[in-house]
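J.: Dropping the sequence and predicted coords here.
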Amino acid sequence: MLDRNYKKIEKDLIAWIRKKVNDAGCKGAVIGLSGGIDSSVTSLLCQKAFPENTLGIIMPCLSNPEDKVDAIKHAEKFGINYKEIDLSDLYQKFMQTIDSSDPEINLEEVINNKNLAAAEDKIKLALANMKPRLRMTLLYYYANLNNYLVVGTDNRSELKLGYFTKYGDGGIDIAPLGNLVKLEVRGLAREMKIDQKIITKKPSAGLWNGQNDQDEIGLSYREIDYYIVDGKADAETAAKIEKIAASNQHKLELPAIPNF
Ligand SMILES: Nc1ncnc2c1ncn2[C@@H]1O[C@H](COP(=O)(O)OP(=O)(O)OC[C@H]2O[C@@H]([n+]3cccc(C(=O)O)c3)[C@H](O)[C@@H]2O)[C@@H](O)[C@H]1O
Ligand SMILES: Nc1ncnc2c1ncn2[C@@H]1O[C@H](COP(=O)(O)OP(=O)(O)OP(=O)(O)O)[C@@H](O)[C@H]1O
Ligand SMILES: [Mg+2]
């Protein structure tokens, strides 16, 4: 599976992005830059497609400060135009506004992103999902302003599982990595000379301290990807993947409308 012609994939994806943006009558691309591998690869593909019209936005939201450093290093290494907009205050303001009408939330713990495990799981996830949705709002602001498309970073593994926030990081115009599983994104990242630190970083949505994809999903990308690409998995793993995928299928569809 890993043995693919990444040089050709890179070239084809750059041409694909250029065509999608041109066909939309737009002139460039805006991408959220997290310091993770998916947004690093996506932003570099966009920069190669539209060197003068690619904008990366770094949007910390009570995030690990190291991620911002990695994102800036990446943008500077490849000459990607970027802005940093910290969403932490806005996010906290949002929570205060909710809290004033909902005494069940323990703001003290949640706002400081400290002991999130102490909050109800449901509240934790509902609040965490606001972060990608705030980012999406800002990305569309810059897309509207500049006549750009919002280029998403979702890969085939995440799309299969529905492992993204609906209308958050799933709220995008195009998804160039959508046909590559995570292990293939790593192959492409190596081909494109993305920083080794970014390539070897544990994949994480960064929605709370210590979150990482493997622990939350309960499967490794090796297990997920070999199943997606080759159908190779033990029965338990296959059933688990299909169960998660089925429960999130709605994220890949348009809202249901009555047919009468
Ligand atoms: N059958 C159905 N038909 C239509 N809509 C349905 C539905 N079932 C739920 N829904 C709606 O969907 C909502 C649940 O979906 P959603 O809001 O997305 O929330 P949910 O899937 O519960 O959470 C998002 C997951 O994605 C992960 N994530 C987020 C962001 C980035 C990354 C990353 O990889 O970096 C990962 C995050 O850690 C979490 O595990 C429900 O509240 C409901 O509104
Ligand atoms: N702090 C952030 N600033 C800007 N964009 C962000 C930030 N955090 C997440 N995003 C956006 O949300 C996307 C989804 O996050 P995700 O974690 O799946 O990708 P990644 O961080 O690029 O790679 P990895 O999955 O390996 O962590 C990112 O690719 C990026 O576009
Ligand atoms: Mg990440």
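T.: All right, it came through fine. Ligands and ions are numbered 1, 2, ... in the order given.

J.: what's the neighbour count on A235?
T.: Counted with other C-beta atoms under 10 Å, residues neighbouring A235 total 7. Placement of C-beta: from N, CA and C, glycine included.

J.: How about N248?
T.: Burial of N248 is recorded as 18 neighbouring residues (other C-beta under 10 Å).

J.: can you check the one 10 residues further on too?
T.: A count of nearby residues for P258, using other C-beta under 10 Å, gives 4.

J.: Around ligand 1, pick out the residues from the stretch 151-260 of the chain.
T.: Taking C-beta under 6 Å from any ligand atom as the criterion, the stretch 151-260 of the chain approaches ligand 1 at residues 158, 163-166, 168-169, 205, 207, 213, 216, 250.

J.: first to last residue in stretch 192-204, what's the distance?
T.: 21 Å (C-alpha to C-alpha, to the nearest Å).

J.: and that stretch, what's its mean pLDDT?
T.: When pLDDT is averaged along stretch 192-204, the result is 98.

J.: next one: it to chain centre, how far?
T.: Distance of stretch 192-204 from the chain centroid (C-alpha atoms, centre = their mean, to the nearest Å) equals 14 Å.

J.: wait, does that stretch contact ligand 2?
T.: Yes - contact of stretch 192-204 with ligand 2 (C-beta under 6 Å from any ligand atom) involves 203-204.

J.: how about that stretch: buried residues?
T.: Across stretch 192-204, burial judged by 16 or more other C-beta atoms under 10 Å covers 192, 194-195, 198-199, 201, 203-204.

J.: neighbours around A233, how many?
T.: By other C-beta under 10 Å, the residues close to A233 number 19.

J.: these two touch, right, it and I241?
T.: Yes - if you go by C-beta atoms under 8 Å, A233 and I241 touch, sitting 7.0 Å apart.

J.: Run through the residues that contact the closest residue to ligand 3 within the stretch 51-200 of the chain.
T.: Residue of the stretch 51-200 of the chain nearest ligand 3, by C-beta to the ion: D67 (7.5 Å). Neighbouring residues of D67 by C-beta atoms under 8 Å, 6 or more residues apart in numbering: 34-36, 60, 206.

J.: residues from this protein in reach of ligand 3?
T.: Neighbours of ligand 3 within the chain, by C-beta under 5 Å from the ion: 34, 36, 204.

J.: residues near the residue of the chain found nearest ligand 2, how many?
T.: Relative to ligand 2, the nearest point of the chain is G36 (2.0 Å; C-beta to the nearest ligand atom). Neighbour count for G36, taken as other C-beta under 10 Å: 21.

J.: shared neighbours, A233 and I241?
T.: 223, 227.

J.: can you pull out the strands in the chain?
T.: In the chain, the strands defined using DSSP state E lie at 28-32, 54-58, 81-84, 148-150.

J.: deepest of the ones you listed, which one?
T.: The highest mean neighbour count among the strands of the chain, using mean count of other C-beta atoms under 10 Å, belongs to strand 28-32: a mean of 27.
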